[in-house]
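1. structural data only, the sequence is not supplied:
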């Protein structure tokens, strides 16, 4: 997410923020009224990418947080658990859901990427 | 509402941008900070606005010290070189910004914005985005936005710097009229001496973070206090010579020099292009003060004549077209040169 937002922030000069300050805006007003509107598409885009990364997590969760069912689990891990328990129908259902979510994320990402590029100066 | 700064200093990464600057901008007038780029004039303006905190020194607005007052509470209007309009807001919303953050009632905001758009002659442009305006229009919106909150001082950082020459001249006249209407104390930063001389009653020449001279445009033009001012403000020819018998001897010309200078010291004589009189050389008279016409160019109602003196130095002069026609000069002609006035500076390090 930082990777998405930082270049946008860096590309914009702080002129507009300074102008807002001279007009009497306080720090949080500057952020809400000037900075955020300009980076909102980049922020959303970052959120989507984060989400995709989190959904697909397998190794790190499996090794570090011990993949406790219903508590520290991810969809790919759930697929593994169900598969190991010979619940093939369940495993395939979850896997299909994961693929579907991946497609939705991909579409959202594409849309936002277009939007973010439009807004970028 | 006057602006005064006292021994103001600011360093960036160990390099002094402003050092021990003191000056005052009188109430209700336009004061110009004039200097080349990198002279510290913009930093000075940002210190007055509160966008930078000084390392030392004090800032006074209306006689009250506000060195530690945050920018939001200084009630200054600031116009940036690159307009700095909020690109995601319309013209109307841009002008309304300062009023909205003050939580004024919507009706009052609307009325004030209309009033200001009228003032900057953009009444029908309220719904446009800044990107849909021309450079000059954008800068006018920036003025309206800065004026909306009724600031006590208007601070302008090269407001016309990013515009092309024709628009710049138009806006200069526009700003003059605007100032006559608002009578707001204004500090203008510029590197354009024409802008400074035309717009303001009071000019402060800044160089390398220090004030070189301050005064009216005429004082600065006619009585430059240093070599830098003489060469930066207005056109000037520089001729070199030495002190001989207490007077400045520059080529064949002898000019009065300040008292108490060392014999033999190097002098720099700054000669304005219109402070030179030329006549056709008539044979043998004063051959030393002679020169050859190297180049002629007509600029509007005056003629620029480039001369090469017998000493080898070059001198550019300007004369009215009438006087020039009387002489009927051509390139290669020999003329006699008389310096009517020159400002003499003796080499630094030797007391004036």
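-> Arrived safely, thanks for sending. None of the values given here were measured: they were computed from a predicted structure.

2. so which helix or strand takes in residue 6?
-> Just so you know, I chose chain A. Here residue A:6, judged by DSSP states H and E, is contained in helix A:2-11.

3. oops, wrong one, chain B.
-> strand B:3-12.

4. again with residue A:21
-> helix A:15-22.

5. report all helices and strands that whichever helix or strand comes after that helix contacts.
-> Note on helix A:15-22: by DSSP H and E, the next helix or strand toward the C-terminus is helix A:27-30. When contacts are defined as 3 or more Cβ pairs under 8 Å, 6 or more residues apart in numbering or on different chains; DSSP states H and E, helix A:27-30 packs onto helix A:15-22. In short, each C-beta sits where N, CA and C put it, glycine included.

6. can you give me how far the helix it packs on is from the chain middle?
-> 30 Å (Cα atoms, centre = their mean, to the nearest Å).

7. helices or strands up against it?
-> helix A:27-30, strand B:76-79.

8. now the ones you listed in TSV, with distance to residue B:51 and mean neighbour count?
-> Formatted as TSV, those follow (distance: least, Cβ to Cβ, whole Å; neighbours: other Cβ atoms under 10 Å in any protein chain shown):
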stretch	distance to residue B:51	mean neighbour count
helix A:27-30	13	14
strand B:76-79	8	27
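
9. residue B:46 contacts residue B:52, doesn't it?
-> Yes. Counting by Cβ atoms under 8 Å, residue B:46 does reach residue B:52; the two are 4.5 Å apart.

10. so which of those two has more stuff around it?
-> residue B:46 (22 against 18; other Cβ atoms under 10 Å in any protein chain shown).

11. how many neighbours does residue B:21 have?
-> The burial count for residue B:21: 24, using other Cβ under 10 Å.

12. and the residue nearest the centre of chain A, how far from residue A:103?
-> Central residue of chain A (Cα atoms, centre = their mean): residue A:47, 2.3 Å from the mean position. Going from residue A:47 to residue A:103 by Cβ to Cβ, to the nearest Å gives 18 Å.

13. before we move on, what about residue B:212?
-> Taken as Cβ to Cβ, the span from residue B:212 to residue A:103 is 69 Å.

14. among those two, which residue is more densely surrounded?
-> A direct count of neighbours by other Cβ under 10 Å for residue B:212 and residue A:103 places residue B:212 higher, at 21 against 9.

15. and that one, what element?
-> Residue B:212 belongs to strand B:210-215, assigned by DSSP H and E.

16. what strands line up against that strand, and which way round?
-> Strand B:210-215 sits in its sheet next to strand B:202-207 (antiparallel), going by DSSP bridges.

17. what mean pLDDT does the strand it pairs with get?
-> For strand B:202-207, the mean per-residue pLDDT is 94.

18. repeat that for stretch B:113-129.
-> pLDDT averaged over stretch B:113-129 gives 92.

19. flag every residue of chain A that's near chain B.
-> Within chain A, the positions near chain B by Cβ under 8 Å from any Cβ of the partner chain are A:13, A:15-16, A:18-26, A:29, A:33-34, A:37-38, A:121.

20. the longest helix seen in chain B: which residues count as buried?
-> Ranked by number of residues, the top helix in chain B under DSSP state H is helix B:165-182. For helix B:165-182, the neighbour count (16 or more other Cβ atoms under 10 Å in any protein chain shown) marks B:167-168, B:171-172, B:174-175, B:178-179 as buried.

21. residues from the stretch 101-250 of chain B in reach of chain A?
-> Counting by Cβ under 8 Å from any Cβ, the stretch 101-250 of chain B sits next to chain A at B:101-102, B:145-146, B:148-149.

22. buried ones only from those, please, as a PyMOL command.
-> Here is the PyMOL command that selects only those of these that count as buried (16+ other Cβ under 10 Å):
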select buried, chain B and resi 101+145+146+148+149
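
23. show me which of the residues of the stretch 101-250 of chain B next to chain A is closest to chain A.
-> Proximity of those to chain A (Cβ to the nearest Cβ) peaks at residue B:101, which lies at 4.5 Å.

24. can you tell me how far the residue nearest to that closest one when sequence neighbours are not counted is from residue B:164?
-> Sequence neighbours aside, residue A:25 is the residue nearest to residue B:101 in space, at 4.5 Å (criterion: Cβ to Cβ, 6 or more residues apart in numbering or on different chains). In this view, residue A:25 and residue B:164 are 32 Å apart by Cβ to Cβ.

25. the two: who's more crowded?
-> residue A:25 (23 against 10).

26. so what pLDDT did the more buried one get?
-> Reading off the model, residue A:25 has pLDDT 90.

27. quick one, what contacts it?
-> A:33-34, B:72, B:97-98, B:101 (Cβ atoms under 8 Å, 6 or more residues apart in numbering or on different chains).

28. would you turn those residues into TSV with distance to residue B:309 and secondary structure?
-> As requested, the contacts of residue A:25 are exported to TSV (distance: Cβ to Cβ, whole Å; DSSP: H, G, I helix; E, B strand; the rest coil):
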residue	distance to residue B:309	secondary structure
A:33	63	helix
A:34	59	helix
B:72	59	helix
B:97	59	helix
B:98	58	helix
B:101	63	coil
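
29. hmm, which of these are the buried ones?
-> Buried, going by 16+ other Cβ under 10 Å: A:33-34, B:72, B:97-98, B:101, out of those.

30. just give me the neighbour total for residue 88.
-> Answering for chain A, as no chain was given. Count around residue A:88 with other Cβ under 10 Å applied: 10.

31. should've been chain B
-> 17.

32. quick check: it touching residue A:39?
-> No. Counting by Cβ under 8 Å, residue A:39 is not a contact partner of residue B:88; they are 10.4 Å apart.

33. now the helices for chain A?
-> A:2-11, A:15-22, A:27-30, A:36-55, A:59-64, A:75-84, A:88-119.

34. so which bits of the fifth one are buried?
-> It refers to helix A:59-64. Applying 16+ other Cβ under 10 Å to helix A:59-64 flags A:61-62 as buried.

35. between the contacts of residue A:25, which is nearest residue B:247?
-> Within these, proximity to residue B:247 (Cβ to Cβ) peaks at residue B:72, which comes in at 59.0 Å.
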